[in-house]
Each structure stands twice: as C-alpha cells, then as structure tokens.
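> Sequence and predicted structure below; questions after.
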2 protein chains.
Amino acid sequence: MDYTQKLYAYLERINEKLHFYIDSIEEKSIVSEAMEYSLMNAGKRVRPVMALAFCEMLGGDIERVLPYACAVEMIHTYSLIHDDLPCMDDDDLRRGKPSCHKQFGEAYALLAGDALLNLAAEVVCGRFDDLEPHIALGCGKILFTGTGIDGMIGGQTLDLASENTQISLETLKKMQALKTGKLLTVPCQIGVLAAGGSEADMQTALEFGTAIGLQFQIVDDILDVTSTEETLGKPIGSDVANEKSTYVSLLGLDKAEQTALEMQKQALALLKPYGEKAWFLNEQVNALSTRNK
Amino acid sequence: MDYTQKLYAYLERINEKLHFYIDSIEEKSIVSEAMEYSLMNAGKRVRPVMALAFCEMLGGDIERVLPYACAVEMIHTYSLIHDDLPCMDDDDLRRGKPSCHKQFGEAYALLAGDALLNLAAEVVCGRFDDLEPHIALGCGKILFTGTGIDGMIGGQTLDLASENTQISLETLKKMQALKTGKLLTVPCQIGVLAAGGSEADMQTALEFGTAIGLQFQIVDDILDVTSTEETLGKPIGSDVANEKSTYVSLLGLDKAEQTALEMQKQALALLKPYGEKAWFLNEQVNALSTRNK
C-alpha cells in the first residue's frame, strides 16, 4: 500500500465515523444541518489522520483512537466556525464555500459551533461508543486541556489581543504554539495513549506535534502571500490587509521558508527510532511541507 | 441545621470549588477574567445545589458529585453568555450587571463562553481532580447528552426557529423540556449516579427534574409580566415585546399559576418515599415556587 492509498483508507474510516456521529443526532434541525455542512466540508483531516497514524505506528488498533480523533476534528471545525463569525475574523469563505454563518446566519452558526464542541465531549464520554474508561478519560484530559483556555482558546485570546499591534517573535511563537500547535500535538498524543505507548513515545509525540505545528503555521503564513484565492479556497493577503504579525512579516519569506524546512527535518529525525513503522508519518511530513493549500 | 443554613453550606462549597477551577487556569487573560466575571456573578446555583442535595439524600458524599455539579454550572453560564450576544437575544443586562459582551466586547464574550463549555469537559475528564473513571464517564455522558444538540442546544434551536411565530403549547413544552428542562434533570441524575443510587432513584430524578424544570420555566414566564426590572436584575416584559409564546401567553396567567402549582405538588410527591431524608429538597421545591427572581 502506498502513501495515497493509506491516506485514503484513513480518510474513509474517519469520514465514515464522523458521518455515524452526525447521523446519530436525534433532533434534526437547521443547527444539525449547519454542523454537518461544516464538519463534512472536504477538510484535509490532518489532525485525525495523525492520531490514527501514531496509533498504528505503535502497533495499536486504529479503532481504539478513532472516536477521539473524530472529537479533535469536531473541535477543529467548531473553532473555524466561531473564528469566521463577524465579531472575530469576519470571513465569508471557508474551503471555497460560504462560511457557516454566511450559509445559515450568525445565530445558527454560533449554536452549530457550540454543538460541535459539545458533541466532542459526548463522544469522549461514550454516548455513542463502548469505550475503555481509562483511555476515554486519558484522551479527554489531553484533548480538552489542549483546546481550552490554557490551550487553543488561550492562543485565540492572544491573537485577538495582538490585533493591529506589532508583536515580537516570542509572542508570535507562544500564540501559535497554543492556537494551532496544541491541535497538532493533541492527536499525536492520543494516538500514543490509545496504542498503550510509553512515556518516551508520549514525549516524542509532543515534540513531533510541536515541530509539525510550527511548520504548519509557517506554511500557512507563506501561502497567504504566495498562493491564489482559487487554490487556497479562501481570500489571500488577509494577514497583510489586517496588519497581522506573521512568520513571514517578522522573519521575511526566505527565513520563514528556512525555518519551515528545519521543522520538517526535526520532525523526521523524531521518527527515526521507529524505522519502517514510521513510513506513513514520514511521507505525511513531506506532503505537509509541499502542500499548496 | 435549617434550610437556609444548609443552602448556604452547599453554596459555600460550590463557590469554593468554582473558584478553585477558575484559579487553576494558567493563562490569565481578558477571557479568563470574563469567565470569572460571568461564573462568579451571584448566580442562585440552583442546578449544582440540586446535584448535591440529591446525592446527599441518597447517602452519598457531596464531594463525589461536586466536580460534575460545577461543570453543570459552567455550562449554564456559557449558555447565558452566548444567549445574551447581539446575534441571539441581544441582552445588555444579566443579574443586574452588564452582560458579558457589554463588559468585555463580543469577541471575548464568545471565547469566554466557549472556554467555559470546554472547562466543563476538562473538569469531567479529570484535569483538576482525581476522579473515579466510571462515575466521571457516567456523569459526563448524562451531562453532555443533556446539553448538546439533542438537549439544551436543540431547545435553543427550536426557540430561535419559533421567534416571531405563534407556536402551539406542544411545541412550547418540547422546547422548554430541552432548553431549560434538561439542565434541571441532569443535576438530579448525576447526584443519583455519584451516590450509587438505583435505577428507580434515577427514574425519580428524571421525573423530579422534569417537574421542577417545567415549574421553573412557568415561574420565569410569570415573573416576566409581574416583576420589576429592579427585583429581577434584567428587563421585564421582554417576552411580550419580542412577541414570544410563553406559558402565560398560551395559558393565561391564572392557568399558568395553576400548572406551576401542580408541578410543585408532583415534585413533592416524588420525594415522599425518601421521607425525612428529602427534607432539604422539599423545602427547595417550595422556595423555588415562591421565588421573585
């Protein structure tokens, strides 16, 4: 099986499971429709794929991590819905389609975001699956600590507070580590936990996710100045227009690209000890480095 | 110990624990300040008190249910913050003080709401306490099923969809059972679960919470037409102004009061089998019936 086949196999299983959760909703409404619209909107599923790949690299069954991987994707999706709202980034486009509030109105988009975060908690607490209590709580603790006020939301807060302000590279790094970094370390760590990995594996997952997260953000910042709206599926140049400090504005394009490359090397070095078993993650790291959206 | 003393003892323990969670936040920011502002804003704590009282009535230690009781209050608070936003009810006042977005701005209020819902999940998954896995997952399942798209958020959706529309009593009942009812059945049920109660106790908790929830909503609807802004701490007459269907508009004031009284009797009857052990809940039911805010 080559990289693309394996990726599609993962994606198929993730999308099937996400559909299962959405289909399990009893109260069908405009809000459940909005949840489905945003959750099933052709996302790359980078985060759940990482959870499955980490779990499998350590010899674990992907079915054991799948619920928590789906919960990560639900939280990623809700954060995009709320980020796009007029009182936040006020973005009309997401993945080439109208953003949730453009399609359903602000009130329903707000509730759809809330409901997706809540659904992640329902999944983790075993509303839909027969879960192993220790793994469910362990993954839930990693997940929600990473997405809350001391994680992703803390990063969004720093981001808001630094709007229209020149921030230092140090502040940008902290903000990025929380805002986008946590949602990449979390899936690696829950993959380790579900596979019954060691403390050392957990540390590797943390460092790997951190490197990938930083690389991911730098590539995002680079694409915002080098891509086209058509390719990216959302407006380009928005960072410059909003006078946002980015890795490109603080480091310059060359240094930003160089740092992204260093992170890629660091991530690959972390996978070395796993040898052949890390083949998929190796290829994924390289694919993420050359992505154009 | 009389009712007021016992109530204050419960309130003290609940507020101490809520403070502990807020103090445990590492990333202090305007959002953590907004979370504290809304969470510690002199709420009546009806829901967590019910959880503690149910647990104790069944011989359980209140410390075992306290984390989940606090999680219920966090979710209640986030729902009020988001409900007050301009795209929802657009309310400027809450408990006699500026609502969260009036005090901190819309973007930070949105994030504070998200962070409180997320914090509830952090609590349930044991980020701050050493929890018993089966009780944590059991309570989490009851809680988040009750607050999500098939519970509270489902009710908020029905509420939004019926704005400026004359709805039937049947629709109003369904909406109320989800929107406000679930957040009153949930604490009773987690009280039973944490105390190790029986299936029959769980059924009683469900029926008791349902009766109390209906009574609670009817009294709310009555106060909206009979109270003053000063007493209530928020504008009165808003249901009429917004042409909202309420128990008062659909049943008339007399029939609404009569139904509230029936619910009170039903709740008291459900407590009968517990005899003396139900003394506090008995008094609470009566106190809720005669409340003026």
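Perfect, thanks for sending it. Numbering: from 1, shown residues only, chains lettered A, B, ... in the order given.
> who touches the residue of the stretch 151-293 of chain A found nearest chain B in this structure?
Minimum separation of the stretch 151-293 of chain A from chain B (Cβ to the nearest Cβ) falls at residue A:154, amounting to 3.9 Å. Quick note: C-beta positions are derived from backbone N, CA and C, even for glycine. For residue A:154, the contact set (Cβ atoms under 8 Å, 6 or more residues apart in numbering or on different chains) comprises A:148, A:178, B:27, B:29, B:31.
> give me the element the third one is part of.
Looking back up the chat, that one is residue B:27. Using DSSP states H and E, residue B:27 sits in no helix or strand.
> which intervals of chain A have sub-threshold pLDDT?
A:234-235, A:240-242 (pLDDT under 70).
> list the helices and strands whichever strand or helix holds residue A:284 packs on?
If you go by DSSP H and E, residue A:284 is part of helix A:279-289. Here helix A:279-289 touches helix A:3-23, helix A:46-57, helix A:199-226, helix A:253-271, going by 3 or more Cβ pairs under 8 Å, 6 or more residues apart in numbering or on different chains; DSSP states H and E.
> now with 10 Å?
For helix A:279-289, the packing partners by 3 or more Cβ pairs under 10 Å, 6 or more residues apart in numbering or on different chains; DSSP states H and E come out as helix A:3-23, helix A:46-57, helix A:182-195, helix A:199-226, helix A:253-271.
> in it, what counts as buried?
For helix A:279-289, burial by neighbour count (16 or more other Cβ atoms under 10 Å in any protein chain shown) applies to A:279, A:280, A:281, A:282, A:283, A:284, A:285, A:288, A:289.
> okay, it in PDB with CA atoms only?
Listed next in PDB are the C-alpha coordinates belonging to helix A:279-289 (Å, rounded to 0.1, in the frame of the first residue of the first chain):
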ATOM      1  CA  TRP A 279       6.800   5.200   6.800                       C
ATOM      2  CA  PHE A 280       3.400   6.800   6.600                       C
ATOM      3  CA  LEU A 281       4.200   9.700   9.000                       C
ATOM      4  CA  ASN A 282       7.500  10.300   7.200                       C
ATOM      5  CA  GLU A 283       5.600  10.800   3.900                       C
ATOM      6  CA  GLN A 284       2.900  12.800   5.600                       C
ATOM      7  CA  VAL A 285       5.500  15.300   7.000                       C
ATOM      8  CA  ASN A 286       6.900  15.700   3.500                       C
ATOM      9  CA  ALA A 287       3.500  16.100   2.000                       C
ATOM     10  CA  LEU A 288       2.600  18.800   4.500                       C
ATOM     11  CA  SER A 289       5.800  20.700   3.600                       C
END
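> Chain neighbours aside, what residue packs nearest to residue A:58?
Among residues not flanking residue A:58 along the chain, residue A:195 sits closest, at 3.8 Å (Cβ to Cβ, 6 or more residues apart in numbering or on different chains).
> That neighbour and residue A:208, how far apart?
Note on residue A:195: its distance to residue A:208, by Cβ to Cβ, to the nearest Å, is 14 Å.
> Who has more neighbours out of those two?
Each of residue A:195 and residue A:208 has its neighbours counted (other Cβ atoms under 10 Å in any protein chain shown); residue A:208 has more, 25 against 21.
> what residues are up against the residue nearest to the more buried one when sequence neighbours are not counted?
Computed as Cβ to Cβ, 6+ apart, the closest residue to residue A:208 that is not its neighbour in sequence is residue A:270, at 4.6 Å. By Cβ atoms under 10 Å, 6 or more residues apart in numbering or on different chains, residue A:270 lies in contact with A:188, A:203-212, A:278, A:281, A:285.
> which one of those residues is nearest residue A:96?
Closest approach between the contacts of residue A:270 and residue A:96, by Cβ to Cβ: residue A:212, at 24.3 Å.
> Please report the distance of the closest one from residue A:266.
9 Å.
> More neighbours: these two, which one.
residue A:212 (27 against 17).
> wait, that one sits on residue A:177?
No. At 11.9 Å, residue A:212 does not count as touching residue A:177 under the criterion of Cβ atoms under 10 Å.
> Need the residues touching each of the two.
Counting by Cβ under 10 Å, 6+ apart, the contacts common to residue A:212 and residue A:177 are A:184, A:185.
> what are the phi and psi angles of residue A:98?
Main-chain torsions, residue A:98, degrees, to the nearest 10: phi -60, psi 140.
> Spatially, which residue comes closest to it, not counting chain neighbours?
Nearest non-adjacent residue to residue A:98 (Cβ to Cβ, 6+ apart): residue A:92, at 6.5 Å.
> right, and the one you found touches residue A:229 too?
No. The criterion here is Cβ under 10 Å, and residue A:92 misses it with residue A:229 at 11.5 Å.
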